[in-house]
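Colleague: the sequence isn't on hand, but the structure is:
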């Protein structure tokens, strides 16, 4: 199983020590480094800035918000970064949810699966650069149908470094996971658990079986963000993760549409997820955090003393996951890499 480093979101500014951690990741033999965006810092600028200090490690976005850019703008950025990195770029995309898509980007949210399918297809056509790009879809039209009538099909002025750039899709629901298997080169799960492996294998298998699918399970990448905390006390380690879980389960999404909450409900924590959401939306964030059992953290993380983590790692190695994406400073990455090696 490969290791990757996920820088994560910014808060008041760039994560402290990010460049040192990226250099440590490359020094330690990590396979990839990833940036994120939501409605603050963007994913592309930091990847180019910090990625310039690397020479081997792959550089990916986890994720680019599709509603933030047109498909052609994303394809332009992907080709640019692929050239600058010498062919090391991975384009990670995600549909996000209605709160962000409509509230921040001012774009309609309905039919995200259709939007994703069309988006990926346009990106691939731009990068392939075989002919001027035209597309007549439900969500996207090139040239625009109801404009001035002066639009014309265009082909990128930049020749791609590679005719195809790997595209990974962030997905949580079974339909979106199946779509990732059908049209993409990898899947970016957020709250994966070995206990949910069979559920996701089935969703992936559905996508692989569709006509025109690009991959099989054997050559499909699954890069999962997995908290790993090496600590002698399991409860203390879990305490570092619970506030973030409370945020995602309780506050990252509307009450009636929260895909993160649904993941934990499928994992067997439906009652917990309901309680956490109720407390969080009522402004009782500390109580929401306290309502998360340590077992939930252990199901989706690797925490505790080194021997416990090593013993549990075997279950992860039997799953569809091909890469564990870690977070933390340079010292944390070195410590975790030693435990996982």
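Modeller: Good, I have the coordinates. Values in this document were obtained by computation on a predicted structure and should not be read as measured data. Residues are numbered from 1 along each chain as shown.

Colleague: C-alpha only now, for contacts and for neighbours.
Modeller: Will do.

Colleague: and the chain, what are its domains?
Modeller: 2-228+310-340, 232-304 (automatic domain parsing).

Colleague: now mean pLDDT and mean neighbour count too, for these, in TSV please.
Modeller: Shown next, in TSV, are these (pLDDT from 0 to 100; neighbours: other Cα atoms under 10 Å):
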stretch	mean pLDDT	mean neighbour count
domain 2-228+310-340	96	18
domain 232-304	92	18
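
Colleague: now the helices for the stretch 201-341 of the chain?
Modeller: 234-251, 259-264, 270-281, 285-290, 294-300, 306-317, 330-340 (DSSP state H, counting those that start in this stretch).

Colleague: my guess is residue 89 contacts residue 75. True?
Modeller: No: using Cα atoms under 8 Å, residue 89 is not in contact with residue 75; the gap is 11.7 Å.

Colleague: need the strands for this structure, in chain order.
Modeller: Using DSSP state E, the strands assigned to the chain run over residues 2-6, 32-35, 58-61, 64-65, 89-94, 135-136, 141-142, 167-170, 186-188, 221-225, 228-230, 302-304, 323-326.

Colleague: any chance of these in a markdown table, plus distance to residue 107?
Modeller: What follows is those, written out as a markdown table (distance: least, Cα to Cα, whole Å):
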| stretch | distance to residue 107 |
| --- | --- |
| strand 2-6 | 27 |
| strand 32-35 | 23 |
| strand 58-61 | 21 |
| strand 64-65 | 11 |
| strand 89-94 | 14 |
| strand 135-136 | 19 |
| strand 141-142 | 15 |
| strand 167-170 | 19 |
| strand 186-188 | 23 |
| strand 221-225 | 27 |
| strand 228-230 | 36 |
| strand 302-304 | 37 |
| strand 323-326 | 30 |
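
Colleague: quick one: the helices in the stretch 1-150 of the chain?
Modeller: For the stretch 1-150 of the chain, applying DSSP H, counting those that start in this stretch gives helices covering 18-27, 44-51, 71-84, 98-103, 112-128.

Colleague: which one, of those helices, ends up nearest to residue 247?
Modeller: Between residue 247 and the helices of the stretch 1-150 of the chain, the tightest spacing by Cα to Cα is seen for helix 98-103, at 14.5 Å.

Colleague: need the contact partners of that closest one.
Modeller: Under the contact criterion Cα atoms under 8 Å, 6 or more residues apart in numbering, helix 98-103 has outside partners 38, 39, 67, 95, 107, 108, 109, 253, 254.
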